[in-house]
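In: Based on what follows, work out the 3D shape:
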Amino acid sequence: MDQMAEPRMAHPLVPRVAHVRRRWRDGPDVWTLEIEDGAGSGFMPGQFNMLTVFGVGEVPISLSGDPADGNRIRHTVRAVGPVTRALARLRPGDPLGLRGPFGTGWPTDALDGRDVVIVAGGLGLAPLRPAILQLLARRDRIGRLTLVYGARSPDQILFARQQDRWGRRSDIEVAVTVDHATSPWRGYVGVVTTLIPRAVSDPANTVALVCGPEIMMRFAAAALTDAGLPETAIHLSMERNMKCAVGLCGHCQFGADFLCRDGPVFRLDRIARRLALREI
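Out: Numbers count the residues shown, from 1 in each chain. Predicted coordinates:
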């Protein structure tokens, strides 16, 4: 009797072809691409994909959309280098290469009954957005939910309209601060860590999710521990130097870990000592 051959699994180093469905600007030099991926692989909040502009190159970009959206995935890109500038120029219908999703995710499934503080800086809100959307969809399962976000200036606030909508809800508290204010701004001014103490009301029952520039995450982690959170309750997304996404090339080695394979989301107690070492 003839037997049907089992389907071949896609090789993790070979991109599949996806297409841009929509694109829009989310800030100065920041664009969000909605991508149609026929593979429908799904993802966990906090994971990333490798995106290829054919003939230009490949970069790791965090997923910034709703995990419940099915085949439509979103990536938010700051156009700062050759590949990200090429990504930002893609139009609806254009093809691109996609590998993933890769990496560990935010522990959204383990937060029942806990207060959650989300600390984001700049583009660091993009990898946290899927976690926020998932937590809002499960809002009755967690306690107090707080987002504290910092940007350099009011015009660089990411997802500004959505943050405004979140701020008008009664089930999430949103506090936004900027480093440098312009005249119409009436919000907080200062670094994002100044908002952390008021965001933590029950440190023994609070979990923090943190993403942003690495120096900001170091200071945020210190502010959270000063507020009473144990290192085991603080999670950081360490996104840097990722090239292959499967732990082969070694570019993203961080002590004993590879950020692409063992991260990018780590619990603070696992990496706290390494965060303070300049050599790593």
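In: Give me the nearest residue to the residue nearest the centre of the chain, chain neighbours excluded.
Out: Note on the chain: the residue nearest the mean C-alpha position is residue 127, at 1.1 Å, using CA atoms, centre = their mean. Take residue 127 and drop its neighbours on the chain: the residue closest to it by CB to CB, 6 or more residues apart in numbering is residue 62, 3.8 Å away. From N, CA and C alone the C-beta is placed, and that goes for glycine too.
In: can you give me the offset of the longest strand seen in the chain from its chain's centre?
Out: For the chain, the longest strand by residue count, based on DSSP state E, is strand 16-27. Relative to its parent chain, strand 16-27 has a centroid offset of 17 Å by CA atoms, centre = their mean, to the nearest Å.
In: Ok, stretch 163-177 next?
Out: The chain centre lies 18 Å from the centre of stretch 163-177; the measure is CA atoms, centre = their mean.
In: Pull the contacting residues for the closest residue to residue 261 other than its chain neighbours.
Out: If the residues on either side of it in the chain are set aside, residue 261 comes closest to residue 247, at 3.5 Å by CB to CB, 6+ apart. Residues in contact with residue 247 (CB atoms under 8 Å, 6 or more residues apart in numbering) are 258, 260-262.
In: Report how many residues lie close to the residue nearest to residue 127.
Out: 26 (other CB atoms under 10 Å).
In: CA atoms only: put the helix or strand hosting it into CSV for me.
Out: Per DSSP states H and E, residue 62 falls inside strand 57-62. Output in CSV follows, covering the C-alpha atoms of strand 57-62 (Å, rounded to 0.1, in the frame of the first residue of the first chain):
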residue,chain,number,x,y,z
GLY,A,57,19.5,42.0,3.8
GLU,A,58,17.8,40.6,6.9
VAL,A,59,17.1,42.0,10.4
PRO,A,60,15.4,40.7,13.5
ILE,A,61,12.2,42.7,14.3
SER,A,62,9.8,42.1,17.2
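In: ok, residues contacting the helix or strand following that strand?
Out: For strand 57-62, the following helix or strand on the C-terminal side (DSSP H and E) is strand 72-78. Strand 72-78 is contacted by residues 21, 26, 29-37, 43, 49, 51, 61-66, 84, 87-88, 123, 126, 129, 158 when judged by CB under 8 Å, 6+ apart.
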